[in-house]
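Visitor: Return a 3D structure for these sequence lines:
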Amino acid sequence: MPDSAQSAAASDAKLAGMDDRFAGMAHISGGIFRMGTDDGYFEEAPAHRAEVDSFWIDTHAVTNRDFTAFVTATGHVTVAEIVPDAADYPGALPHMLFAGSLVFKKTKGPVDTKDWSQWWELRPGANWRHPYGPQSSIDGLDDHPVVHIAYADALAYAQWRGKELATEAEFEYAARGGLDGATYAWGEVFRPGGKHMANTWQGNFPYQNTKEDGWETTAPVGCYPPNGYGLYDMIGNVWEWTQDWFQPRHAADAPKACCVPKNPRGPAIGTQDPSAPIPQKVLKGGSFLCAPSYCKRYRPASRHAESIDTSTCHIGFRCVIRTI
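Guide: Next comes the predicted model:
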């Protein structure tokens, strides 16, 4: 390791020992990697070089226990718990404006998988405390990732902890665990030796989940093996917010080999898909609803656009600290 890198690592280690914000975080040494893929969905291409500086990242998603402490300390009310302002949704019918969130519901049988409304329901009273509606609770789920988190909620928690949300490039770099270009966070085989490596859907989506991995919805954080950087659930379990505004496709490599984008960010607000009525951020990582028969987004290169006002039963987040 070069002297400068050793010095930086020593400085970071000393800082971590003095600041409890770093508890439960892993230090990721920066570098150049291949971001995206040419072998996946349209929005994941083209594969291109990117560079990130060193940073710290939570080893697992923020849990219900973590978020409870935040709400207790600050009184934060999540987006899902607030009745939408009619002025923000021109043309919305009054009966559609209520406090709630999107909840997955299995269908009774095969449906047109191009129609997501078949399995998503905007359910009154669904929020982080009641993930499947008013009659549900998070009792016994302290170690599960908090869900029904809109972008503003994730950002508020991060700021309370003196942290930030990862960029898309940082999240993907960390998710790869040092395996540059690999399909999964652990290599090229989805289930090496038949072992489940992430919380995903088994069976025929969206009506049959065989639960071979033991979980139908979220799993406690840390149930599956960590990647090469010691990070858990960087793919599967829950989608996670990043700070980047969504663009429908990556930029290609610069013509000159010397010009690798460093610490790239998404486009400025207002330059995304004009058909999206609400600005969208990038989600990364896939979730327990990703299935080989429908959505193969349990990969580091995967990305998804999500409106900043939206929360669901499969969206959570984790935080980073940038020390350079």
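Visitor: A276 contacts A305, correct?
Guide: Yes: A276 lies in contact with A305 (CB atoms under 8 Å); the separation is 7.0 Å. For the C-beta atoms, the positions are set from N, CA and C on the backbone; glycine is no exception.
Visitor: And those two? Which one has more around it.
Guide: Neighbour comparison, A276 and A305: the larger count goes to A305, with 17 against 13 (by other CB atoms under 10 Å).
Visitor: The more buried one: which element?
Guide: Assigned by DSSP states H and E, A305 belongs to strand 303-307.
Visitor: Paired strands for the helix or strand immediately after that strand in the chain, with orientation please.
Guide: With elements assigned by DSSP H and E, the helix or strand that comes after strand 303-307 is strand 315-316. Looking at strand 315-316 with DSSP bridges, its partner strands are strand 239-245 (parallel).
Visitor: Residues contacting the strand it pairs with, please?
Guide: Strand 239-245 is contacted by residues 61, 149, 151, 154-155, 164-168, 170-171, 265-269, 271-272, 279-287, 304, 306, 314-318 when judged by CB atoms under 8 Å, 6 or more residues apart in numbering.
Visitor: Could you tell me which of these count as buried?
Guide: 61, 149, 151, 154-155, 164-168, 170-171, 266, 272, 279-287, 304, 306, 314-318 (16 or more other CB atoms under 10 Å).
Visitor: if you look at those, which of them are in helices?
Guide: Among the buried ones among the contacts of strand 239-245, the residues falling in helices (DSSP state H) are Y151, A154, L155, E168, E170, F171.
Visitor: Just give the closest residue to the fifth one, not the sequence neighbours.
Guide: The shortest distance from E170 to any residue that is not its chain neighbour, by CB to CB, 6 or more residues apart in numbering, is 5.3 Å, and that residue is V52.
Visitor: That neighbour and M234: what is the separation?
Guide: For V52, the distance to M234 equals 15 Å [CB to CB, to the nearest Å].
Visitor: what about the two, which has more around it?
Guide: The neighbour count for V52 versus M234, taken as other CB under 10 Å, is higher for M234 (29 against 25).
Visitor: got the contact list for the closest residue in space to H144 that isn't next to it in sequence?
Guide: Leaving aside its chain neighbours, H144 sits nearest to T218 (4.6 Å; criterion: CB to CB, 6+ apart). By CB under 8 Å, 6+ apart, T218 lies in contact with L141, H144, P145, V147, N199, N237, V238, F288, H314.
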